[in-house]
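S.K.: Any chance you can model this:
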Amino acid sequence: MFNSVPLVQVIRGSRLEAVYRGAMAVVDARGQLIASVGDANLTTFLRSSAKPFQLLPLVESGAADRLGFSDRELAVMAASHNGEEFHVQAVVGILARLGLDESALQCGAHPPLHPPSARALENAQQRPSALHNNCSGKHSGMLAQCVDRHLPIADYVSPQHPVQVTIKQTLAELAGMSPDSIDVGTDGCSVPTFALSLSVAALAFARLADPSTLSEPRRSALRRIASAMMAYPEMVAGTKRLDTDVMRAGKGRIVVKGGAEGYYGIGILSSPGLGVAIKMEDGDGGRGRNAVVVEALRQLGALDDEELASLARYAAGPMKNHRGLTVGEVRPCFRLPLQNESGVK
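M.R.: Numbering: from 1, shown residues only. Reported below is the predicted structural model:
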């Protein structure tokens, strides 16, 4: 069992109706644990929250420049995208530059996460392809690493493939761990996914936001990935998605990446940078997790009132029924015990 605590309560009338439990760690770029709720050492899979770090070897090695990728293309390589047409075309363009097509993708197919795009595909009597998979950008980035290194592409998803070995080694270095100490599972898109403690994952996100303590070329590579994600937040997720809307609200000060099963990673560009890793016990990726993310940003002072207001659809607050009547409240019930109560500097 997870050592988790209540993070969000759902109140109907005056009675508690539901509770979302989880854990959270806040770490600065120097590795200091700033705050935690629940077990900061809870170890679980990052799932898609690992995507910025899975992209790191492509940028750090210089391959992204050798292959001429734009920051917009890098953003979709770090994405769990909606499968909207602009996402699909970006991945098509990446593959074309590699001399490949969608048949090279081994992520599997699912309908677009964007309901209008899914309906349009269905109305056109077309089946979803691997291009619509939310991980197709990540996979195209892994294929780019294969092409740049003249490696076979047939087994690029295997944990033993040199690209996957390099990704794991790079993440271990960033997290200050040995590769052998990182537990590996298979993600929904068939590539390896990594289990880290929340505090270690938060450190990785702190360094994504503020890599100033790291040496080159890693420092510049992390800055480029974070900048690409913040400059093109629509490529990282899409229409009406939390990742996109948080980065828009943050205006170049916050880089985020959600993951499956209630995971979320946040990097805050402060001095020093802060990283936040959140895990919801029940795998909730909607009402509970979204409210926790917005509330954590509020408590950390990362967004002002106007910026927080732009995220109201995700935040805790009044609960309405289908007639628009207020019938209860979604209420955060955690407090980050910050050592520095002034919050983000």
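
S.K.: quick one: pLDDT of M1?
M.R.: Looking at M1, its pLDDT is 73.

S.K.: roughly how far apart are it and L42?
M.R.: 10 Å (CB to CB, to the nearest Å). Any C-beta I mention is one placed from the backbone N, CA and C, and that applies to glycine too.

S.K.: neighbour count winner among the two?
M.R.: Using other CB atoms under 10 Å as the criterion, M1 and L42 rank with L42 on top: 22 against 4.

S.K.: Kindly list the main-chain dihedrals of the residue nearest to that one when sequence neighbours are not counted?
M.R.: Spatially, and ignoring its direct neighbours in sequence, L42 is nearest to A23 (4.8 Å; CB to CB, 6 or more residues apart in numbering). Main-chain dihedrals, A23, degrees, to the nearest 10: phi -150, psi 160.

S.K.: Which residues are in contact with the residue nearest in space to the middle of the chain?
M.R.: Centroid-nearest residue in the chain: K257, 1.7 Å away (criterion: CA atoms, centre = their mean). Contacts for K257 (CB atoms under 8 Å, 6 or more residues apart in numbering) come out as 48-49, 51-52, 78, 80, 229, 236, 243, 264-265.

S.K.: Let's see that with 6 Å instead.
M.R.: Counting by CB atoms under 6 Å, 6 or more residues apart in numbering, K257 touches 49, 51-52, 265.

S.K.: Tell me which helix or strand comes right after the strand or helix carrying it.
M.R.: Counting by DSSP states H and E, the element that carries K257 is strand 254-259. With elements assigned by DSSP H and E, the helix or strand that comes after strand 254-259 is strand 263-268.

S.K.: quick revisit: quick check: beta-bridge partners of the residue nearest to L42?
M.R.: Per DSSP bridges, the residues bridged to A23 are K279.

S.K.: In this structure V8 contacts R287, no?
M.R.: No: if you go by CB atoms under 6 Å, V8 and R287 don't touch, sitting 7.7 Å apart.

S.K.: Look at the two and report which has more neighbours.
M.R.: More crowded of V8 and R287, by other CB under 10 Å: V8, with 24 against 16.

S.K.: pLDDT at that one, what is it?
M.R.: Reading off the model, V8 has pLDDT 97.

S.K.: who's in contact with it?
M.R.: By CB under 6 Å, 6+ apart, the contact list for V8 reads 20, 288, 291, 332.

S.K.: pLDDT score assigned to D284?
M.R.: pLDDT recorded at D284 is 89.

S.K.: Show the contacting residues for it.
M.R.: By CB under 6 Å, 6+ apart, the contact list for D284 reads 20, 262.

S.K.: Please apply the same query to V330.
M.R.: By CB under 6 Å, 6+ apart, the contact list for V330 reads 10, 291, 316, 319.

S.K.: which one is it nearest to, not counting chain neighbours?
M.R.: Leaving aside its sequence neighbours, V330 sits nearest to A316 (CB to CB, 6+ apart; 4.5 Å).

S.K.: Got phi/psi on that neighbour?
M.R.: The phi/psi pair for A316 (degrees, to the nearest 10) reads phi -60, psi 160.

S.K.: count of neighbours near it?
M.R.: If you count neighbours by other CB under 10 Å, A316 ends up with 22.

S.K.: wouldn't it be in contact with F334 here?
M.R.: No: counting by CB under 6 Å, A316 stays clear of F334, with 10.8 Å between them.

S.K.: quick one: what helix or strand has D65 in it?
M.R.: Using DSSP H and E, D65 sits within helix 63-66.

S.K.: could you point out which element follows that helix?
M.R.: Sequence order places helix 71-77 as the next helix or strand after helix 63-66, per DSSP H and E.
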